[in-house]
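A.B. asks: Fold the stuff below for me.
(chains A and B)
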Amino acid sequence: MKVALFIPCYIDQFFPKVAIATLQVLEKVGCEVFYPVNQTCCGQPMANAGYASLANSCNKNFIQNFYGFDYIVSPSGSCVAHVKEHLHYKPREKEAAIMRNNVYELTEFLTDVVKVVNVGAYFPHKVGLHTSCHGQRMLGLSSMSERVGPSFSKPEQLLNEVKGLQLMRPARVDECCGFGGTFCVTEEAVSVRMGQDRIRDHAANEVEYITGGDVSCLMHLEGILKRQKSRIKVVHIAEILNTKWSIK
Amino acid sequence: MEHKIKDHSNAAARFLKDEERATWHDETLWFVRSKRDKAAQQLPEWESLREMASGIKAHTLSHLDKYLLAFEAKAKANGVHVHWATDAEEHNRIVYSILAKHKAKNVVKSKSMLTEECGLNHHLESQGISVVDTDLGEYIVQLRKEQPSHIVLPAIHLKKEDVSNTFHECLQTEKNNFDPAYLTNSARIVLREKFLEADAAITGVNFAVAETGSIVICTNEGNADLGVHSAPLHIACMGIEKLIPKAKHLGIFLRLLARSATGQPITSYSSHFRRPRKGQEMHIVLVDNGRTQQLGRKDFKDSLKCIRCGACLNTCPVYRRSGGHSYHNSVAGPIGAILAPNLDMRKNADLPFASTLCGSCTNVCPVKINIHEQLWSWRQILMKEWYGSPAKKASMKAMAFVLSRPRMYKLSGKIGRKIMQWLPGLVNNRLNPWHKNREMPQAPRQSFNEWYEKNKR
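C.D. replies: Numbers count the residues shown, from 1 in each chain, chains lettered A, B, ... in the order given. So this is what the prediction gives:
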């Protein structure tokens, strides 16, 4: 299984530990992982700010780097959702169409493609899961509180198998944290307030960690937690899954 | 133009200054959304109801001309006068002329977002006609000379203390009597007189049935019925998108509307009006006001499916924390943010950006409007039409330039991280909105790319 590792720009620059954990998790579950070294950004920051027209060269670069792999996997639901919905490049539209279909967020790749049940991780802590909106509502990683239907969650499925981990659900199970890309600065007041509310909801469960599948949400929450001098830490789900390896 | 883009954000920041009120606003609306969730979960067929409603609306919109003409013919045959208005001004003129012909001086109105959109009250008042909004919430905001802040719960931004003060000032109720029952009853006594002396009743329309030429009005207070049944003149104002083909379709929409709006299985009063009663005159004004223009916008035509339940407002984490007035438009929230730019792109260019694109609005929408996708599409159009600031465009261009060149991206990343490590003051200052209430992420020594080149290559 030839898997291309798609590491979004801000993870590459600021959270290399998440990228390393993702790479190692994928290797440990038996994937042949390639990292196209000339990848940069999927173009989402420009597109969500209304400048999708400027993202053309990013799309071109993305296709150059990632075409030809069986799967493209990333530890960011938001960037994956963007590629799935908006990766277009006129001269290579056929390739773009294929890639929009084989790009996966890490947890959905592990549960749906690799079909891993237990990754053999050990994380003896009380953990709250932040279900990031793009992963949840655009990629369908878990059932949504607004919809009527069966309940499921791909990240929870994986976390439930982690030894020692006590998973806690916040009262508002899937409300947005307020990051929202450039929204976090253009609407600073609302963004921060939303983040503070999410943290209050998790803190009520006395969690030690907040985890999730999107570094962007975690970065926003971490920024607020640190300013509040809170003892709660954030950790990406890949980092939890990468603890103590022994696959069963 | 930059100040335009920041309008919602500034208003939201002002709303959030009163932390306690903001918490109360958020929790009250969340309570309504939770009620909606429970009501929806009780119907296993919920998702298929949504699918059907969406389909019926899509069908109606693609044959709107046909259904409008059928509706007009039926309504006329029922003895109803039908008028057509291309815009808000014409709508106001028509309503005024009907009232003037009847020498009507006192009008009772039931809640109608269309008349709000057209600024009808102001127009009639400037012509010497008294208009009283008879929905309790609407009456409260009218006394305060405010706009409704929510399409279903117009006074949700106010607490009972605010209402008490307003009533004390305008209706001479007891000072500092905050008892909701006392306050409601005080309004009821005043409104009862208004109903009795009204020369005309103006109502909105929730659904208009092409097959029968009849209209349906949903209220929880029965105020539309009271007005219509007591006044000799009934003027119903509706946007042309309110149409549905057949009476049998009503069941689907009535089940969805109340549950989505408030979590009730059905609104207290779903009143059907087909023809004027004996001695009464009935008029229906069909208003376009930009709707055909929106119908012609491929990416946005589905916004006309909206049945104004307000569910997207209740669920929107941004709306709950910024309040309806921050949207400076008659319809607030996510749906307002996709309807408003159609009416005036320049004035409303900020609204599609007042969202994290979380998608919850799309999920609660009973007629399955892809609201968050339309917000995204509006952003593209507004920036293409130059409603963004030149500074924003320049920074986006620079970003796109760097991010599409791998070597330049790696180099600027390295420089950026070094600056953050060596000169944190350059980033951690008051000019950085991120830093105001959040710590910056720590810049690592090595990017993943650099780690990979060393360890894996």
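A.B. asks: Check what pLDDT the residue most central in space within chain B gets.
C.D. replies: Central residue of chain B (C-alpha atoms, centre = their mean): residue B:331, 3.0 Å from the mean position. Per-residue confidence at residue B:331 stands at 97 (pLDDT).
A.B. asks: How is it assigned, secondary-structure-wise?
C.D. replies: Three-state call for residue B:331 (DSSP: H, G, I helix; E, B strand; the rest coil): coil.
A.B. asks: Tell me the spacing between it and residue A:217.
C.D. replies: Between residue B:331 and residue A:217 the distance is 29 Å, computed by C-beta to C-beta, to the nearest Å. To be clear about C-beta, it is placed using only N, CA and C from the backbone, and glycine gets the same treatment.
A.B. asks: With residue B:291 instead?
C.D. replies: 37 Å.
A.B. asks: Looking at those two, which is more packed in?
C.D. replies: residue A:217 (29 against 22; other C-beta atoms under 10 Å in any protein chain shown).
A.B. asks: Any figure for the gap between the more buried one and chain B?
C.D. replies: 10 Å (C-beta to the nearest C-beta, to the nearest Å).
A.B. asks: Buried residues, the strand or helix carrying that residue. List them.
C.D. replies: Element membership of residue A:217 [criterion: DSSP states H and E] is helix A:215-227. Neighbour-count burial for helix A:215-227 flags A:215-226 (criterion: 16 or more other C-beta atoms under 10 Å in any protein chain shown).
A.B. asks: got it, and stretch B:148-161?
C.D. replies: B:148-159.
A.B. asks: And stretch B:386-401, by the same measure?
C.D. replies: For stretch B:386-401, by 16+ other C-beta under 10 Å, it's B:387-389, B:392-393, B:396, B:399-400.
A.B. asks: near chain B, anything from the lengthiest helix in chain A?
C.D. replies: Longest helix of chain A, by residue count under DSSP state H: helix A:188-203. Yes: residues of helix A:188-203 contacting chain B under C-beta under 8 Å from any C-beta of the partner chain: A:188-195, A:197.
A.B. asks: residue ranges for the strands of chain B, please.
C.D. replies: B:81-85, B:106-109, B:130-133, B:200-203, B:207-209, B:214-219, B:233-239, B:243-244, B:269-273, B:281-287 (DSSP state E).
A.B. asks: just how off-centre is the first one within its chain?
C.D. replies: Here strand B:81-85 is found 25 Å from its chain centre; the criterion is C-alpha atoms, centre = their mean, to the nearest Å.
A.B. asks: neighbouring strands for it, and are they parallel or not?
C.D. replies: Applying DSSP bridges to the sheet, strand B:81-85 is found paired with strand B:281-287 (parallel).
A.B. asks: Between strand B:233-239 and the partner strand, find me the angle.
C.D. replies: 20 degrees (axes from the mean of the first three to the mean of the last three C-alpha atoms, to 10 degrees).
A.B. asks: Report the angle between strand B:281-287 and strand B:269-273.
C.D. replies: Interaxial angle of strand B:281-287 relative to strand B:269-273 (the same axes, to 10 degrees): 100 degrees.
A.B. asks: So which residues make contact with strand B:281-287?
C.D. replies: B:68, B:72, B:75, B:79-85, B:87-88, B:91, B:94-95, B:98, B:102, B:114, B:118, B:205, B:208, B:215, B:232-240, B:273, B:275-276 (C-beta atoms under 8 Å, 6 or more residues apart in numbering or on different chains).
A.B. asks: filter the residues you listed to the buried ones?
C.D. replies: B:68, B:72, B:75, B:80, B:82-83, B:85, B:88, B:91, B:94-95, B:98, B:114, B:118, B:205, B:208, B:215, B:233-240, B:273, B:276.
A.B. asks: In chain A, where is pLDDT below threshold?
C.D. replies: A:245-248 (pLDDT under 70).
A.B. asks: can you list the domain ranges for it.
C.D. replies: Domains of chain A are assigned by automatic domain parsing as A:2-113, A:126-242.
A.B. asks: ends of the last one, how far apart?
C.D. replies: From its first residue to its last, domain A:126-242 covers 17 Å (C-alpha to C-alpha, to the nearest Å).
A.B. asks: burial of residue 165, as a residue count?
C.D. replies: Answering for chain A, as no chain was given. Neighbours around residue A:165, by other C-beta under 10 Å: 21.
A.B. asks: wait, I meant chain B there
C.D. replies: Quick note: residue B:165 (other C-beta under 10 Å) scores 17 neighbours.
A.B. asks: So what pairs up with residue A:128 in the strands?
C.D. replies: residue A:168, residue A:210.
A.B. asks: quick one: it from residue A:143, how far?
C.D. replies: To residue A:143, residue A:128 is 18 Å away according to C-beta to C-beta.
A.B. asks: Which one's more surrounded, the two?
C.D. replies: residue A:128 (25 against 17).
A.B. asks: The more buried one: what's it in contact with?
C.D. replies: A:167-170, A:202, A:205, A:207, A:209-211.
A.B. asks: just residue A:59 next, same as before
C.D. replies: Listed by C-beta under 8 Å, 6+ apart, the contact set of residue A:59 reads A:43, A:87-89, A:96.
A.B. asks: show me what contacts the residue nearest to it when sequence neighbours are not counted?
C.D. replies: Leaving aside its sequence neighbours, residue A:59 sits nearest to residue A:89 (C-beta to C-beta, 6 or more residues apart in numbering or on different chains; 4.5 Å). Going by C-beta under 8 Å, 6+ apart, residue A:89 touches A:56, A:59-60, A:63, A:96.
A.B. asks: any idea which of the contacts of residue A:59 is closest to chain B?
C.D. replies: Closest approach between those and chain B, by C-beta to the nearest C-beta: residue A:43, at 7.4 Å.
A.B. asks: what's the closest non-adjacent residue to that closest one?
C.D. replies: Per C-beta to C-beta, 6+ apart, closest to residue A:43 is residue A:55, 3.2 Å.
A.B. asks: any idea how far that neighbour lies from residue B:40?
C.D. replies: From residue A:55 to residue B:40 the distance is 37 Å (C-beta to C-beta).
A.B. asks: So between the two, which is more surrounded?
C.D. replies: Between residue A:55 and residue B:40, counted using other C-beta under 10 Å, the more crowded position is residue A:55 (29 against 22).
A.B. asks: what's near enough to touch the more buried one?
C.D. replies: A:43-44, A:46-47, A:86, B:400.
A.B. asks: With respect to residue B:53, which of the strands of chain B lies nearest?
C.D. replies: For residue B:53, the closest of the strands of chain B is strand B:243-244, at 9.2 Å, according to C-beta to C-beta.
A.B. asks: for chain B, where's the lowest mean pLDDT among helices and strands?
C.D. replies: Least confident element among the helices and strands of chain B, by mean pLDDT, DSSP states H and E: helix B:2-5 (a mean of 47).
A.B. asks: can you give me the strands in chain A?
C.D. replies: Counting by DSSP E, the strands of chain A are A:2-5, A:32-34, A:71-74, A:103-105, A:126-130, A:166-168, A:209-212, A:233-236.
A.B. asks: Which one of these lies nearest to residue B:423?
C.D. replies: Comparing these by C-beta to C-beta, strand A:233-236 comes nearest, at 25.7 Å.
A.B. asks: Pull out the buried positions in the closest one.
C.D. replies: Of the residues in strand A:233-236, A:234-236 count as buried by neighbour count, 16+ other C-beta under 10 Å.
A.B. asks: what about that strand and chain B, touching?
C.D. replies: No: Strand A:233-236 does not reach chain B (C-beta under 8 Å from any C-beta); its nearest approach is 10.4 Å.
A.B. asks: Counting by contacts, list what that strand packs against.
C.D. replies: strand A:209-212, helix A:215-227 (3 or more C-beta pairs under 8 Å, 6 or more residues apart in numbering or on different chains; DSSP states H and E).
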